[in-house]
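Colleague: sequence first, then the predicted structure, then my questions.
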Amino acid sequence: MPGYASGVRVSGIPSRMSDSASNDLSRRNFLRTAASGLGAAIALTPELLAQQSKPNAQNEVQLPQIHAAGEQPEKAPGPFLPPDRRIGYAIVGLGRLSLDEILPAFATSKYCKPTALVSGDPVKAKKIAAQYGIAESNITDYTNYEKLKDMPGVDAIYIVLPNSMHKEFVLRGAKIGKHILCEKPMANSAADCEAMIAACNKANVKLMIAYRQQYEPMNRYLQDAVKSGRFGKVRSIVATNSQNEGDPTQWRLKKALAGGGCLPDVGIYCLNAARFLTGEEPEEVFGVTIQPKDDPRFAEVESHCSFTLRFPSGMVATLTTAYDVHRSTFIRLEGTDGWGEMDPTFGYHGNKLRLGKTRQDKHEEVADVSLPDKDQFALEMDHFSECLMTNRVPRTPGEEGLQDQRLIEAIYKSAAAGRAVRVTPPASQTRGPELPPMQN
Ligand code: NAD
(Lines give C-alpha, C1' and ligand atoms only; values in the text may rest on other atoms or scores of the structure.)
Protein backbone atom coordinates (compact mmCIF):
# COMPACT_ATOMS: atom_id res chain seq x y z
CA MET A 1 0.00 0.00 0.00
CA PRO A 2 1.50 3.37 -0.94
CA GLY A 3 2.56 5.61 1.91
CA TYR A 4 3.36 2.79 4.32
CA ALA A 5 6.40 0.98 5.47
CA SER A 6 5.10 -1.95 3.45
CA GLY A 7 6.66 -5.35 3.83
CA VAL A 8 8.05 -4.42 7.22
CA ARG A 9 10.36 -7.02 8.68
CA VAL A 10 9.31 -9.37 11.45
CA SER A 11 12.35 -10.97 13.03
CA GLY A 12 14.68 -10.57 10.11
CA ILE A 13 12.32 -10.85 7.14
CA PRO A 14 13.58 -8.48 4.42
CA SER A 15 11.12 -5.77 3.40
CA ARG A 16 9.78 -4.49 0.06
CA MET A 17 9.13 -7.60 -1.93
CA SER A 18 6.10 -8.96 -3.68
CA ASP A 19 3.32 -10.16 -1.40
CA SER A 20 3.74 -13.79 -2.34
CA ALA A 21 7.50 -13.71 -1.97
CA SER A 22 7.12 -11.90 1.31
CA ASN A 23 4.54 -14.39 2.58
CA ASP A 24 6.67 -17.28 1.49
CA LEU A 25 9.71 -15.90 3.23
CA SER A 26 7.65 -15.01 6.27
CA ARG A 27 6.50 -18.59 6.50
CA ARG A 28 10.01 -19.94 6.28
CA ASN A 29 11.21 -17.37 8.75
CA PHE A 30 8.43 -18.18 11.22
CA LEU A 31 9.36 -21.83 11.08
CA ARG A 32 13.06 -21.05 11.39
CA THR A 33 12.62 -18.61 14.27
CA ALA A 34 10.23 -21.00 15.96
CA ALA A 35 13.15 -23.28 16.50
CA SER A 36 15.13 -20.51 18.23
CA GLY A 37 14.28 -18.99 21.60
CA LEU A 38 13.44 -15.56 20.12
CA GLY A 39 10.98 -17.01 17.68
CA ALA A 40 9.03 -18.92 20.26
CA ALA A 41 6.50 -16.14 20.73
CA ILE A 42 5.94 -15.57 17.00
CA ALA A 43 5.90 -19.11 15.68
CA LEU A 44 2.34 -18.69 14.42
CA THR A 45 2.14 -18.86 10.64
CA PRO A 46 -0.50 -16.84 8.74
CA GLU A 47 -2.16 -20.15 7.84
CA LEU A 48 -2.27 -21.23 11.45
CA LEU A 49 -3.66 -17.89 12.54
CA ALA A 50 -6.35 -18.03 9.86
CA GLN A 51 -7.15 -21.59 10.85
CA GLN A 52 -7.35 -20.59 14.50
CA SER A 53 -9.83 -17.83 13.81
CA LYS A 54 -12.18 -20.34 12.17
CA PRO A 55 -14.87 -22.04 14.24
CA ASN A 56 -13.85 -25.48 15.45
CA ALA A 57 -10.16 -24.71 15.08
CA GLN A 58 -8.12 -27.29 16.91
CA ASN A 59 -7.60 -25.28 20.09
CA GLU A 60 -11.07 -23.78 20.21
CA VAL A 61 -13.49 -24.86 22.90
CA GLN A 62 -17.05 -25.35 21.67
CA LEU A 63 -19.70 -25.07 24.37
CA PRO A 64 -23.14 -26.60 23.89
CA GLN A 65 -25.70 -24.11 22.51
CA ILE A 66 -28.50 -23.35 24.96
CA HIS A 67 -30.46 -20.41 23.49
CA ALA A 68 -33.40 -20.52 21.09
CA ALA A 69 -32.66 -20.26 17.37
CA GLY A 70 -34.04 -16.71 17.05
CA GLU A 71 -31.68 -15.28 19.70
CA GLN A 72 -28.24 -13.78 19.05
CA PRO A 73 -25.86 -16.56 17.99
CA GLU A 74 -23.76 -18.00 20.80
CA LYS A 75 -20.07 -17.80 20.21
CA ALA A 76 -17.09 -19.87 21.20
CA PRO A 77 -14.83 -18.17 23.76
CA GLY A 78 -11.47 -18.58 22.05
CA PRO A 79 -9.17 -19.35 20.55
CA PHE A 80 -6.45 -17.88 22.72
CA LEU A 81 -2.74 -18.53 22.18
CA PRO A 82 -0.88 -20.40 24.91
CA PRO A 83 1.54 -18.16 26.88
CA ASP A 84 4.72 -19.48 25.25
CA ARG A 85 3.40 -18.56 21.78
CA ARG A 86 2.34 -14.97 22.53
CA ILE A 87 4.00 -11.73 21.44
CA GLY A 88 5.97 -10.33 24.40
CA TYR A 89 5.72 -6.61 25.23
CA ALA A 90 8.03 -4.35 27.23
CA ILE A 91 5.93 -1.66 28.91
CA VAL A 92 7.80 1.66 29.04
CA GLY A 93 6.52 4.01 31.77
CA LEU A 94 4.56 2.73 34.76
CA GLY A 95 2.06 5.54 35.29
CA ARG A 96 -1.73 5.55 35.47
CA LEU A 97 -2.46 4.21 32.02
CA SER A 98 0.02 1.33 32.28
CA LEU A 99 -1.07 0.27 35.77
CA ASP A 100 -4.83 0.89 35.52
CA GLU A 101 -5.53 -0.22 31.95
CA ILE A 102 -2.72 -1.67 29.85
CA LEU A 103 -1.23 -4.27 32.20
CA PRO A 104 -4.66 -5.56 33.35
CA ALA A 105 -5.74 -5.78 29.68
CA PHE A 106 -3.22 -8.54 28.98
CA ALA A 107 -5.48 -10.85 31.02
CA THR A 108 -8.15 -10.68 28.30
CA SER A 109 -5.80 -10.48 25.34
CA LYS A 110 -5.53 -13.48 23.00
CA TYR A 111 -2.12 -13.07 21.47
CA CYS A 112 0.18 -11.13 23.81
CA LYS A 113 1.72 -10.93 27.26
CA PRO A 114 3.87 -8.46 29.27
CA THR A 115 7.48 -9.64 29.44
CA ALA A 116 9.54 -6.60 30.52
CA LEU A 117 9.20 -3.24 32.30
CA VAL A 118 11.04 0.06 31.87
CA SER A 119 10.69 2.50 34.76
CA GLY A 120 12.59 5.18 36.66
CA ASP A 121 11.35 3.67 39.94
CA PRO A 122 12.94 0.24 40.64
CA VAL A 123 10.84 -0.40 43.76
CA LYS A 124 7.58 0.14 41.89
CA ALA A 125 8.83 -1.87 38.91
CA LYS A 126 9.70 -4.86 41.14
CA LYS A 127 6.22 -4.80 42.70
CA ILE A 128 4.54 -4.67 39.30
CA ALA A 129 6.82 -7.38 37.90
CA ALA A 130 5.80 -9.66 40.77
CA GLN A 131 2.11 -8.98 40.11
CA TYR A 132 2.40 -9.94 36.44
CA GLY A 133 4.95 -12.76 36.64
CA ILE A 134 7.68 -10.75 34.89
CA ALA A 135 11.26 -11.78 35.72
CA GLU A 136 13.17 -9.14 37.74
CA SER A 137 15.99 -9.56 35.23
CA ASN A 138 13.58 -8.11 32.64
CA ILE A 139 13.33 -4.74 34.43
CA THR A 140 15.40 -1.81 33.30
CA ASP A 141 15.36 2.00 33.50
CA TYR A 142 15.24 4.77 30.89
CA THR A 143 19.03 5.14 30.75
CA ASN A 144 19.54 1.44 30.15
CA TYR A 145 16.53 1.08 27.81
CA GLU A 146 18.71 -0.55 25.13
CA LYS A 147 19.04 -3.61 27.40
CA LEU A 148 15.62 -4.58 26.00
CA LYS A 149 17.44 -5.69 22.87
CA ASP A 150 18.74 -8.86 24.48
CA MET A 151 16.05 -9.52 27.05
CA PRO A 152 14.33 -12.86 26.51
CA GLY A 153 10.76 -12.73 25.25
CA VAL A 154 10.68 -9.05 24.22
CA ASP A 155 9.24 -8.77 20.69
CA ALA A 156 7.63 -5.33 20.95
CA ILE A 157 7.75 -2.17 23.04
CA TYR A 158 4.67 -0.25 24.25
CA ILE A 159 5.56 3.39 24.96
CA VAL A 160 3.37 4.93 27.67
CA LEU A 161 5.35 8.05 28.60
CA PRO A 162 4.56 11.79 28.53
CA ASN A 163 4.01 12.93 24.94
CA SER A 164 7.32 14.74 24.44
CA MET A 165 9.23 11.52 25.27
CA HIS A 166 7.55 9.37 22.60
CA LYS A 167 9.95 10.40 19.86
CA GLU A 168 13.15 9.59 21.77
CA PHE A 169 11.90 6.18 22.90
CA VAL A 170 10.55 5.25 19.46
CA LEU A 171 13.87 6.17 17.85
CA ARG A 172 15.91 4.26 20.43
CA GLY A 173 13.51 1.29 20.28
CA ALA A 174 13.70 1.12 16.49
CA LYS A 175 17.49 1.23 16.67
CA ILE A 176 17.55 -1.95 18.76
CA GLY A 177 15.21 -3.63 16.27
CA LYS A 178 11.97 -3.75 18.29
CA HIS A 179 8.46 -3.24 16.92
CA ILE A 180 6.71 -0.31 18.59
CA LEU A 181 3.23 0.47 19.82
CA CYS A 182 3.18 4.14 20.89
CA GLU A 183 0.52 5.99 22.86
CA LYS A 184 -1.38 8.94 21.43
CA PRO A 185 -0.69 11.73 20.68
CA MET A 186 2.15 10.35 18.60
CA ALA A 187 4.48 13.28 19.39
CA ASN A 188 4.55 17.04 19.92
CA SER A 189 5.19 18.03 16.31
CA ALA A 190 4.62 16.71 12.80
CA ALA A 191 8.38 16.87 12.25
CA ASP A 192 8.90 14.50 15.18
CA CYS A 193 6.20 12.16 13.82
CA GLU A 194 7.96 12.09 10.45
CA ALA A 195 11.28 11.30 12.13
CA MET A 196 9.63 8.43 14.05
CA ILE A 197 8.14 6.94 10.88
CA ALA A 198 11.46 7.28 9.04
CA ALA A 199 13.39 5.62 11.89
CA CYS A 200 11.01 2.64 11.98
CA ASN A 201 11.12 2.28 8.20
CA LYS A 202 14.91 2.41 8.26
CA ALA A 203 15.08 -0.23 10.99
CA ASN A 204 12.38 -2.33 9.28
CA VAL A 205 10.23 -2.46 12.39
CA LYS A 206 6.50 -1.88 12.60
CA LEU A 207 5.06 1.21 14.26
CA MET A 208 1.47 1.51 15.47
CA ILE A 209 -0.20 4.40 17.29
CA ALA A 210 -2.51 3.30 20.10
CA TYR A 211 -5.85 4.65 18.81
CA ARG A 212 -7.86 2.21 20.92
CA GLN A 213 -11.23 3.59 19.78
CA GLN A 214 -10.62 2.36 16.23
CA TYR A 215 -10.63 -1.23 17.55
CA GLU A 216 -13.71 -0.80 19.79
CA PRO A 217 -16.90 -2.62 18.67
CA MET A 218 -19.39 0.31 18.83
CA ASN A 219 -17.09 2.63 16.92
CA ARG A 220 -16.62 -0.10 14.33
CA TYR A 221 -20.39 -0.57 14.12
CA LEU A 222 -20.88 3.17 13.61
CA GLN A 223 -18.14 3.23 10.99
CA ASP A 224 -19.83 0.33 9.15
CA ALA A 225 -23.19 2.14 9.35
CA VAL A 226 -21.65 5.22 7.67
CA LYS A 227 -20.03 3.04 5.01
CA SER A 228 -23.25 1.13 4.31
CA GLY A 229 -25.07 4.42 3.61
CA ARG A 230 -27.50 3.97 6.49
CA PHE A 231 -27.35 7.72 7.24
CA GLY A 232 -27.32 8.78 3.59
CA LYS A 233 -24.64 11.46 3.05
CA VAL A 234 -23.08 12.53 6.35
CA ARG A 235 -23.26 16.33 6.45
CA SER A 236 -22.34 17.15 10.01
CA ILE A 237 -20.48 15.77 13.00
CA VAL A 238 -20.61 17.27 16.45
CA ALA A 239 -18.48 15.90 19.28
CA THR A 240 -17.02 16.78 22.66
CA ASN A 241 -14.34 15.23 24.83
CA SER A 242 -13.78 17.23 28.00
CA GLN A 243 -12.61 16.71 31.55
CA ASN A 244 -11.58 18.68 34.63
CA GLU A 245 -7.87 18.70 35.48
CA GLY A 246 -6.71 19.16 39.09
CA ASP A 247 -3.01 19.22 40.03
CA PRO A 248 -1.48 22.28 38.28
CA THR A 249 2.02 20.73 38.47
CA GLN A 250 1.25 17.62 36.37
CA TRP A 251 3.07 17.09 33.03
CA ARG A 252 -0.20 17.38 31.06
CA LEU A 253 -0.25 21.11 31.85
CA LYS A 254 3.41 21.70 30.87
CA LYS A 255 3.74 22.68 27.25
CA ALA A 256 7.20 21.18 26.74
CA LEU A 257 6.07 17.75 27.94
CA ALA A 258 2.48 17.68 26.65
CA GLY A 259 2.79 19.70 23.44
CA GLY A 260 -0.39 21.60 24.25
CA GLY A 261 -3.40 21.36 26.55
CA CYS A 262 -6.71 19.59 26.07
CA LEU A 263 -6.43 19.48 22.26
CA PRO A 264 -3.60 16.93 21.84
CA ASP A 265 -4.58 14.98 24.96
CA VAL A 266 -8.37 14.51 24.73
CA GLY A 267 -9.53 16.68 21.80
CA ILE A 268 -7.56 14.29 19.58
CA TYR A 269 -10.31 11.68 20.12
CA CYS A 270 -12.92 13.94 18.47
CA LEU A 271 -10.48 14.82 15.69
CA ASN A 272 -9.53 11.23 14.98
CA ALA A 273 -13.16 10.02 15.19
CA ALA A 274 -14.32 12.58 12.60
CA ARG A 275 -11.66 11.23 10.25
CA PHE A 276 -11.88 7.49 10.76
CA LEU A 277 -15.66 7.20 11.09
CA THR A 278 -16.18 8.88 7.71
CA GLY A 279 -12.91 8.02 5.95
CA GLU A 280 -12.63 11.68 4.84
CA GLU A 281 -9.74 14.10 5.38
CA PRO A 282 -10.37 17.80 6.14
CA GLU A 283 -9.17 20.52 3.77
CA GLU A 284 -9.68 23.49 6.08
CA VAL A 285 -9.69 24.02 9.85
CA PHE A 286 -10.72 26.84 12.15
CA GLY A 287 -9.77 26.85 15.82
CA VAL A 288 -10.48 28.93 18.92
CA THR A 289 -8.49 28.39 22.11
CA ILE A 290 -9.02 29.81 25.58
CA GLN A 291 -6.20 30.22 28.10
CA PRO A 292 -7.58 31.95 31.21
CA LYS A 293 -5.03 34.27 32.83
CA ASP A 294 -6.43 33.82 36.34
CA ASP A 295 -6.24 30.01 36.55
CA PRO A 296 -2.80 28.63 37.57
CA ARG A 297 -3.54 25.33 35.81
CA PHE A 298 -3.40 27.04 32.44
CA ALA A 299 -0.24 29.11 32.68
CA GLU A 300 1.24 27.23 29.71
CA VAL A 301 -1.57 25.49 27.81
CA GLU A 302 -5.16 26.04 26.68
CA SER A 303 -8.11 25.15 28.90
CA HIS A 304 -10.54 24.94 25.98
CA CYS A 305 -10.44 24.46 22.23
CA SER A 306 -13.35 24.61 19.80
CA PHE A 307 -12.48 23.61 16.28
CA THR A 308 -14.24 23.19 12.99
CA LEU A 309 -13.11 20.91 10.18
CA ARG A 310 -14.38 21.40 6.64
CA PHE A 311 -14.21 18.34 4.38
CA PRO A 312 -14.13 18.19 0.55
CA SER A 313 -17.62 16.58 0.42
CA GLY A 314 -19.11 19.61 2.20
CA MET A 315 -19.31 17.77 5.53
CA VAL A 316 -18.45 19.89 8.57
CA ALA A 317 -17.24 18.67 11.98
CA THR A 318 -17.81 20.98 14.95
CA LEU A 319 -15.73 19.72 17.84
CA THR A 320 -14.89 20.90 21.35
CA THR A 321 -12.54 19.86 24.10
CA ALA A 322 -11.82 21.28 27.54
CA TYR A 323 -9.74 20.72 30.65
CA ASP A 324 -11.91 22.80 32.98
CA VAL A 325 -15.39 21.27 32.87
CA HIS A 326 -17.01 18.17 34.34
CA ARG A 327 -16.34 15.06 32.24
CA SER A 328 -18.46 15.22 29.09
CA THR A 329 -18.19 13.01 26.01
CA PHE A 330 -20.41 12.48 22.98
CA ILE A 331 -20.37 12.28 19.22
CA ARG A 332 -23.23 12.66 16.75
CA LEU A 333 -23.12 12.12 12.99
CA GLU A 334 -25.99 13.64 11.03
CA GLY A 335 -26.74 12.42 7.52
CA THR A 336 -29.36 13.12 4.88
CA ASP A 337 -31.24 9.92 5.83
CA GLY A 338 -30.44 9.34 9.48
CA TRP A 339 -28.13 9.92 12.40
CA GLY A 340 -25.92 7.96 14.76
CA GLU A 341 -24.72 9.06 18.17
CA MET A 342 -22.61 7.76 20.99
CA ASP A 343 -23.14 9.23 24.45
CA PRO A 344 -20.98 8.55 26.33
CA THR A 345 -18.04 7.73 24.11
CA PHE A 346 -14.21 8.06 24.13
CA GLY A 347 -13.97 6.38 27.60
CA TYR A 348 -12.48 3.00 28.37
CA HIS A 349 -15.87 1.37 28.91
CA GLY A 350 -19.60 1.99 28.74
CA ASN A 351 -20.06 3.42 25.24
CA LYS A 352 -23.71 3.76 24.28
CA LEU A 353 -24.81 3.86 20.65
CA ARG A 354 -28.16 5.02 19.20
CA LEU A 355 -29.23 5.23 15.59
CA GLY A 356 -32.14 7.18 14.13
CA LYS A 357 -33.84 7.20 10.73
CA THR A 358 -37.27 7.58 9.13
CA ARG A 359 -38.95 4.25 8.43
CA GLN A 360 -40.77 3.49 5.18
CA ASP A 361 -44.08 4.22 6.95
CA LYS A 362 -42.63 7.70 7.69
CA HIS A 363 -42.41 7.14 11.45
CA GLU A 364 -39.14 7.96 13.13
CA GLU A 365 -37.26 4.88 14.33
CA VAL A 366 -34.66 5.22 17.07
CA ALA A 367 -32.68 2.11 17.95
CA ASP A 368 -30.26 1.41 20.80
CA VAL A 369 -27.44 -0.85 19.67
CA SER A 370 -26.21 -3.30 22.25
CA LEU A 371 -22.77 -4.85 21.81
CA PRO A 372 -20.42 -6.56 24.27
CA ASP A 373 -18.19 -4.13 26.20
CA LYS A 374 -14.70 -5.27 25.17
CA ASP A 375 -11.36 -4.19 26.64
CA GLN A 376 -10.14 -1.70 24.04
CA PHE A 377 -6.48 -2.07 25.07
CA ALA A 378 -6.63 -5.85 24.67
CA LEU A 379 -8.19 -5.43 21.21
CA GLU A 380 -5.58 -2.88 20.18
CA MET A 381 -2.61 -4.93 21.48
CA ASP A 382 -3.98 -8.11 19.91
CA HIS A 383 -4.29 -6.32 16.58
CA PHE A 384 -0.67 -5.19 16.70
CA SER A 385 0.39 -8.68 17.78
CA GLU A 386 -1.47 -10.21 14.82
CA CYS A 387 0.24 -7.72 12.51
CA LEU A 388 3.62 -8.86 13.83
CA MET A 389 2.72 -12.54 13.51
CA THR A 390 1.38 -12.19 9.98
CA ASN A 391 3.66 -9.38 8.76
CA ARG A 392 0.81 -6.93 8.06
CA VAL A 393 0.59 -3.13 8.26
CA PRO A 394 -1.39 -2.09 11.37
CA ARG A 395 -4.71 -0.31 10.95
CA THR A 396 -3.35 2.76 12.80
CA PRO A 397 0.29 3.10 11.71
CA GLY A 398 2.52 6.13 12.28
CA GLU A 399 0.94 7.90 9.28
CA GLU A 400 -2.37 8.04 11.18
CA GLY A 401 -0.71 9.79 14.13
CA LEU A 402 1.18 12.14 11.82
CA GLN A 403 -2.04 13.29 10.12
CA ASP A 404 -3.68 14.14 13.47
CA GLN A 405 -0.55 16.05 14.48
CA ARG A 406 -0.58 18.04 11.22
CA LEU A 407 -4.20 18.99 11.89
CA ILE A 408 -3.48 19.90 15.53
CA GLU A 409 -0.74 22.25 14.34
CA ALA A 410 -3.12 23.79 11.79
CA ILE A 411 -5.81 24.28 14.48
CA TYR A 412 -3.32 26.08 16.77
CA LYS A 413 -2.14 28.17 13.82
CA SER A 414 -5.73 29.11 13.03
CA ALA A 415 -6.47 30.01 16.67
CA ALA A 416 -3.38 32.24 16.82
CA ALA A 417 -4.18 33.94 13.50
CA GLY A 418 -7.94 34.22 14.06
CA ARG A 419 -8.75 32.85 10.61
CA ALA A 420 -9.34 29.54 8.86
CA VAL A 421 -6.27 27.60 7.71
CA ARG A 422 -6.16 25.40 4.61
CA VAL A 423 -4.59 21.97 4.99
CA THR A 424 -3.32 19.70 2.27
CA PRO A 425 -4.92 16.26 2.55
CA PRO A 426 -2.37 13.44 2.87
CA ALA A 427 -1.02 12.12 -0.42
CA SER A 428 -2.09 8.57 0.43
CA GLN A 429 -4.33 6.68 2.82
CA THR A 430 -3.15 7.09 6.42
CA ARG A 431 -4.70 3.86 7.71
CA GLY A 432 -3.63 0.27 7.13
CA PRO A 433 -5.84 -2.48 5.71
CA GLU A 434 -9.42 -2.83 6.99
CA LEU A 435 -9.82 -4.91 10.11
CA PRO A 436 -11.36 -8.36 9.65
CA PRO A 437 -15.05 -8.59 10.61
CA MET A 438 -15.68 -8.52 14.36
CA GLN A 439 -15.71 -11.94 16.03
CA ASN A 440 -16.95 -13.02 19.44
P1 NAD B 1 1.21 9.28 33.91
O2 NAD B 1 1.68 10.62 34.33
O3 NAD B 1 0.26 8.57 34.80
O4 NAD B 1 2.46 8.31 33.68
C5 NAD B 1 3.61 8.73 33.01
C6 NAD B 1 4.79 7.86 33.39
O7 NAD B 1 5.97 8.40 32.78
C8 NAD B 1 5.05 7.82 34.91
O9 NAD B 1 5.37 6.51 35.30
C10 NAD B 1 6.25 8.73 35.08
O11 NAD B 1 7.05 8.38 36.18
C12 NAD B 1 6.99 8.50 33.77
N13 NAD B 1 7.90 9.61 33.42
C14 NAD B 1 9.15 9.43 32.97
N15 NAD B 1 9.73 10.61 32.75
C16 NAD B 1 8.84 11.55 33.09
C17 NAD B 1 8.88 12.98 33.11
N18 NAD B 1 9.95 13.65 32.69
N19 NAD B 1 7.79 13.62 33.54
C20 NAD B 1 6.68 12.97 33.92
N21 NAD B 1 6.58 11.61 33.93
C22 NAD B 1 7.67 10.92 33.53
O23 NAD B 1 0.61 9.45 32.45
P24 NAD B 1 -0.35 8.45 31.69
O25 NAD B 1 -1.76 8.87 31.93
O26 NAD B 1 0.01 7.07 31.98
O27 NAD B 1 -0.03 8.85 30.16
C28 NAD B 1 1.08 8.31 29.45
C29 NAD B 1 0.81 8.38 27.94
O30 NAD B 1 -0.37 7.66 27.65
C31 NAD B 1 0.58 9.79 27.41
O32 NAD B 1 1.12 9.88 26.11
C33 NAD B 1 -0.93 9.91 27.31
O34 NAD B 1 -1.37 10.80 26.32
C35 NAD B 1 -1.31 8.49 26.97
N36 NAD B 1 -2.65 8.14 27.44
C37 NAD B 1 -3.46 7.46 26.59
C38 NAD B 1 -4.74 7.07 27.01
C39 NAD B 1 -5.58 6.25 26.10
O40 NAD B 1 -6.76 6.09 26.40
N41 NAD B 1 -5.05 5.71 25.03
C42 NAD B 1 -5.17 7.41 28.29
C43 NAD B 1 -4.30 8.08 29.15
C44 NAD B 1 -3.04 8.44 28.72
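Modeller: Nice, thanks for sending it over. Numbers count the residues shown, from 1 in each chain.
Colleague: residue contacts, the residue of the chain found nearest the ligand?
Modeller: Here the residue of the chain nearest the ligand is residue 95; by CB to the nearest ligand atom that distance is 1.7 Å. For glycine as for every other residue, the C-beta is placed from the backbone atoms N, C-alpha and C. Going by CB atoms under 8 Å, 6 or more residues apart in numbering, residue 95 touches 160, 161.
Colleague: redo that, cut-off 7 Å
Modeller: Applying CB atoms under 7 Å, 6 or more residues apart in numbering to residue 95 gives the contacts residue 160.
Colleague: so stretch 404-413, near the ligand or not?
Modeller: No. Using CB under 6 Å from any ligand atom, stretch 404-413 never reaches the ligand; the gap is at least 12.2 Å.
Colleague: okay, helices next: where are they in the stretch 301-440 of the chain?
Modeller: Per DSSP state H, counting those that start in this stretch, the stretch 301-440 of the chain carries helices over the ranges 376-390, 398-417.
Colleague: now stretch 362-382, how far from the centre of its chain.
Modeller: Chain-centre distance of stretch 362-382: 17 Å, with CA atoms, centre = their mean, to the nearest Å.
Colleague: quick check, that stretch touching the ligand?
Modeller: No. Judged by CB under 6 Å from any ligand atom, stretch 362-382 stays clear of the ligand, getting no closer than 7.6 Å.
Colleague: not counting that stretch itself, show me its contacts.
Modeller: For stretch 362-382, contacts defined as CB under 7 Å, 6+ apart pick out 101-102, 105, 108-112, 181, 210, 212-213, 215-218, 221, 348-350, 353-359.
Colleague: residue 71 - how many residues pack around it?
Modeller: Using other CB atoms under 10 Å, residue 71 has 9 neighbouring residues.
Colleague: can you tell me the SS state at it?
Modeller: coil (DSSP: H, G, I helix; E, B strand; the rest coil).
Colleague: what's it sitting at in phi/psi?
Modeller: phi -80, psi 170 (degrees, to the nearest 10).
Colleague: what's the answer for the one 4 residues further on, then?
Modeller: Main-chain dihedrals, residue 75, degrees, to the nearest 10: phi -120, psi 150.
Colleague: please renumber so the chain begins at 14
Modeller: Got it, the first residue is 14 from now on, which makes the last one we talked about residue 88.
Colleague: how close does it sit to residue 328?
Modeller: The gap separating residue 88 from residue 328 is 36 Å, by CB to CB, to the nearest Å.
Colleague: looking only at neighbour counts, state which of those two leads.
Modeller: The residue with more neighbours, out of residue 88 and residue 328, is residue 328; 20 against 11, by other CB under 10 Å.
Colleague: need the contact list for the more buried one.
Modeller: Here residue 328 is in contact with 247, 248, 249, 291, 293 (criterion: CB under 7 Å, 6+ apart).
Colleague: return only those of these found close to the ligand.
Modeller: Okay, of the contacts of residue 328, nothing touches the ligand (CB under 6 Å from any ligand atom).
Colleague: let's see which of the residues you listed end up in strands.
Modeller: 247, 248, 249 (DSSP state E).
Colleague: may I see those organised as a markdown table, with distance to residue 238 and neighbour count added?
Modeller: Below are these laid out as a markdown table (distance: CB to CB, whole Å; neighbours: other CB atoms under 10 Å):
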| residue | distance to residue 238 | neighbour count |
| --- | --- | --- |
| 247 | 10 | 25 |
| 248 | 15 | 15 |
| 249 | 15 | 14 |
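Colleague: can you lay out those as CSV showing pLDDT?
Modeller: CSV is the format used below for the ones in strands among the contacts of residue 328 (pLDDT from 0 to 100):
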residue, pLDDT
247, 98
248, 98
249, 98
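Colleague: list of residues touching the helix or strand hosting residue 102?
Modeller: Element membership of residue 102, judged by DSSP states H and E, is strand 100-105. Applying CB under 7 Å, 6+ apart, the contact partners of strand 100-105 are 54-55, 111, 115-116, 124-131, 161, 166-174, 182, 398, 401-402.
Colleague: next step: these restricted to strands.
Modeller: Members of the contacts of strand 100-105 lying in strands (criterion: DSSP E): 125, 126, 127, 128, 129, 130, 131, 169, 170, 171, 172.
Colleague: tell me which of these is nearest to residue 216?
Modeller: residue 170 (12.0 Å; CB to CB).
Colleague: residue 193 is in contact with that closest one, correct?
Modeller: Yes. With contact defined as CB atoms under 7 Å, residue 170 reaches residue 193; the gap is 5.2 Å.
Colleague: confidence score at the closest residue in space to residue 323 that isn't next to it in sequence?
Modeller: In space, residue 323 comes closest to residue 297 once its chain neighbours are excluded; the distance is 4.3 Å by CB to CB, 6 or more residues apart in numbering. pLDDT, residue 297: 98.
Colleague: number of nearby residues for residue 124?
Modeller: Close neighbours of residue 124, defined as other CB under 10 Å, add up to 23.
Colleague: dump the residue contacts of it.
Modeller: With contact set as CB under 7 Å, 6+ apart, residue 124 has these partners: 94, 99, 100, 395, 398, 399, 402.
Colleague: one more time with 8 Å
Modeller: Per CB under 8 Å, 6+ apart, neighbours of residue 124: 93, 94, 99, 100, 394, 395, 398, 399, 402.
Colleague: would you quantify the distance from the third one to residue 128?
Modeller: In this structure, residue 99 lies at 9 Å from residue 128, with CB to CB as the measure.
Colleague: okay, the residue lying farthest from the centre of the chain and residue 277: tell me how far apart.
Modeller: Using CA atoms, centre = their mean, the residue of the chain lying farthest from its centre is residue 374. It sits 41.1 Å away. Residue 374 sits 47 Å away from residue 277 when distances are taken as CB to CB.
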